[in-house]
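pasting the sequence and the predicted coordinates here, then a few questions.
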Amino acid sequence: MAVQKHSLPSFFDATTEAQLVRVASDLGAREVGGPLSPGEEELLGQELEAPPLIGESLATIRRAILGGADPLGEMLRELRAPTVRRALGAFYTPPELAHSMVEWVLSQRPDRVVDAGCGSGRFASAVVRKRRDVEIVAVDIDPLATLMTRAVLAVLGHERASVLQADYTAMDLPRIEGRTAFIGNPPYVRHHSLSPSQKLRAQGRAQQLGYRMSALAGLHAHFYLATPLHARHGDVGCFVTSSEWLDVGYGAIVRDLLLNELGGQSLHVLEPTAVPFVDAMTTAVIACFVVGSQPESVRLSAVADARALDHLHGGRPIPRAALVDATRWSQLLRPSRHNGEEGFIALRDIARVHRGLVTGANEFFVMTRERAQELGIETWCRPAITRAIEILTAQGAVRDGSDRRVLLDISEDVDRTAYPSLDAYLRLGELPRNGRPPVCEGYICRHRRPWWRVGTQRPPPIVASYMARQAPAFALNPDRLALINIGHGLYPNHSIDQKALHALVDALNQDRERHRGAGRTYHGGMEKFEPGELESLLIPADGPWR
Ligand SMILES: C[S@@+](CC[C@H](N)C(=O)[O-])C[C@H]1O[C@@H](n2cnc3c(N)ncnc32)[C@H](O)[C@@H]1O
């Protein structure tokens with residue numbers, strides 16, 4: 001997927017965060033959003049380290065903000081390394097996404113909009129540009145983010161705003177009489193980066209609501225969980241997140257909340273091709289909800305381009321009961337043409353799927369033919385499929401060839417001491433490598449006897465990719481190549497001739513797009529299929545493979 005790159009506003013070339021603070025301050029950050037937090041005060045204390053921008057530059061930034069741009073957010077993106085932004089999940093929302101979300105939220109006529117994890121205030125400012133009478137509460141844990149949001153609101157002249165440097169999952173939100181709309185792009189921070197106390201607090205809250213919260217849930221799930229605690233019946237919300245929670249175990253808490261307390265109305269998945277985020281490649285899902293409602297159906301849509309979102313009013317109604325029953329929701333988005341139809345069978349009815357060989361150390365067991373010859377061990381090597389790309393680009397068959405890599409595959413009964421070159425190579429695997437433990441002490445090698453015996457596996461007649469930012473691809477394996485665990489192997493249950501195997505591969509590849517979502521989709525649009533998930537794919541019942 002190509003990543004769209006926003007160009008830097010040329011008029012503004014801050015090189016340090018202190019300069020950005022200075023600009024925020026000069027734009028009026030102190031005047032809007034209520035009392036400053038100690039963290040914001042501290043940052044503003046450092047501002048004097050940076051020289052003021054000349055009046056003309058400041059005026060240009062002001063004009064850019066008034067014109068709908070986000071020069072401060074763009075600058076922060078340039079200044080902060082992705083690794084630093086990743087720690088806070090700070091990847092800002094592209095304008096076309098924010099626009100659709102704001103349109104939907106405003107169509108619900110809120111009196112107040114809470115921008116949850118406001119960053120540079122993209123949602124808050126988009127709301128204010130359209131409706132000046134709405135009260136804004138913008139929350140972010142990052143004091144530079146809240147200063148930028150204050151500055152943007154100051155430029156837009158919006159004074160009905162509270163900007164809070166706070167943890168959205170732990171703060172108290174003041175109650176109001178009217179309707180609150182929650183909007184945001186909750187931070188994607190993996191559970192490894194959350195503290196045990198954060199997890200325990202969330203688990204306790206989930207329990208109060210009658211749910212189990214997995215310890216593997218990331219911060220975006222915590223944002224979802226905090227929302228019914230901040231909200232009242234009739235409030236509304238619209239969040240965009242990575243789509244992972246649709247399918248994985250930890251996502252159950254988000255699915256439960258949307259089916260119950262949060263009152264999910266619609267889900268809009270942005271296919272990986274839509275590139276919803278500038279510098280975090282991911283499949284995104286936007287959820288619209290009306291707190292406390294329980295619609296009979298939830299609208300689901302999958303769009304390939306953010307411009308097709310149509311203000312989030314579209315989608316195919318799926319009965320709520322179907323969502324309650326399903327543990328993976330992305331399948332409901334792309335229903336197979338064959339599901340429930342006559343004339344189709346599961347792949348498992350004619351073939352079993354097994355993982356490829358696990359070597360325990362590909363860099364030791366896989367090599368080029370030339371290297372095997374140089375080492376004098378080619379007798380114990382056999383050609384192998386060692387990279388998923390070989391299957392993805394095979395166009396129907398993976399073939400042997402001079403550039404094919406080989407797998408060290410020594411049978412158990414070989415007396416290594418009788419073959420000096422083989423023994424010398426295996427000895428390399430028994431020595432520490434550049435300060436790392438020897439290959440033979442790796443987890444897999446330690447648990448097999450002898451450690452260098454990769455194992456026996458009949459070469460699969462058909463191979464499949466199972467982990468890529470695309471659906472699995474299938475290919476024949478006429479040269480009986482070994483397969484390592486970058487792919488799965490398909491083994492027909494009964495003998496099938498070459499012609500039928502060929503037809504089977506064609507049928508599976510022709511339906512590739514419909515297989516999407518039948519596995520699990522992870523952050524970054526990565527789709528992974530376990531063997532059982534491949535076995536569940538549907539194929540025509542009347543093919544020559546019967
Ligand atoms: C994905 S960014 C979204 C920013 C902005 N709303 C946008 O869409 O452009 C997530 C934001 O959440 C903030 N954040 C991370 N943890 C937070 C927390 N516990 N409470 C509040 N904000 C948090 C980050 O600093 C970051 O600005």
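All right, it came through fine.

show me what from the protein comes close to the ligand.
Proximity of the chain to the ligand is confined to 88-93, 117-119, 122-123, 139-142, 145, 167-169, 184-185, 187, 219 under the rule C-beta under 6 Å from any ligand atom. (Each C-beta comes from the backbone N, C-alpha and C, glycine too.)

if you set the cut-off to 8 Å instead, what comes out?
Proximity of the chain to the ligand is confined to 70, 73, 88-93, 98, 115-123, 139-142, 145, 166-171, 184-189, 219, 222-223, 240 under the rule C-beta under 8 Å from any ligand atom.

mind checking which of those residues are in helices?
If you go by DSSP state H, those have G73, L88, A98, R122, F123, A145, L219, H222, F223 in helices.

wait, the third one touches A124, no?
Same thing as A98. No - counting by C-beta atoms under 8 Å, A98 stays clear of A124, with 10.1 Å between them.

can you list residues touching both of those two?
With contacts defined as C-beta atoms under 8 Å, 6 or more residues apart in numbering, no residue is shared by A98 and A124.

with neighbour numbers in mind, choose between those two.
Between A98 and A124, counted using other C-beta atoms under 10 Å, the more crowded position is A124 (31 against 21).

beyond the helix or strand bottoming out on mean pLDDT in the chain, next helix or strand please.
One helix or strand of the chain scores below all others by mean pLDDT, DSSP states H and E: strand 520-522, with a mean of 75. Next in sequence after strand 520-522, counting helices and strands by DSSP states H and E, comes strand 526-528.

and that following strand, which residues are buried?
By neighbour count with 16 or more other C-beta atoms under 10 Å, strand 526-528 contains the buried residues M526, E527.

list the contacts of the residue nearest to T282 when sequence neighbours are not counted.
Once flanking residues are discounted, T282 sits nearest to S242: 4.8 Å by C-beta to C-beta, 6 or more residues apart in numbering. Taking C-beta under 8 Å, 6+ apart, we find S242 in contact with Y188, H220, T282, T283, A284, V285, H523.

got these as a markdown table, with neighbour count and pLDDT columns?
Listed next are these as a markdown table, based on neighbours: other C-beta atoms under 10 Å; pLDDT from 0 to 100:
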| residue | neighbour count | pLDDT |
| --- | --- | --- |
| Y188 | 21 | 91 |
| H220 | 25 | 97 |
| T282 | 24 | 70 |
| T283 | 27 | 78 |
| A284 | 25 | 88 |
| V285 | 25 | 93 |
| H523 | 17 | 68 |
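
quick check, nearest of those to the ligand?
Y188 (6.8 Å; C-beta to the nearest ligand atom).

the closest one contacts A90, doesn't it?
No - taking C-beta under 8 Å as the definition, Y188 is not a contact partner of A90, at 9.7 Å.

just want the residue of the stretch 351-500 of the chain that's nearest the ligand.
Closest point on the stretch 351-500 of the chain to the ligand, by C-beta to the nearest ligand atom, is R469, at 20.7 Å.

so what's that residue closest to, chain neighbours aside?
G525 is the one closest to R469 (C-beta to C-beta, 6+ apart), at 4.6 Å.

what about that neighbour, distance to the ligand?
Distance, G525 to the ligand, by C-beta to the nearest ligand atom, to the nearest Å: 17 Å.
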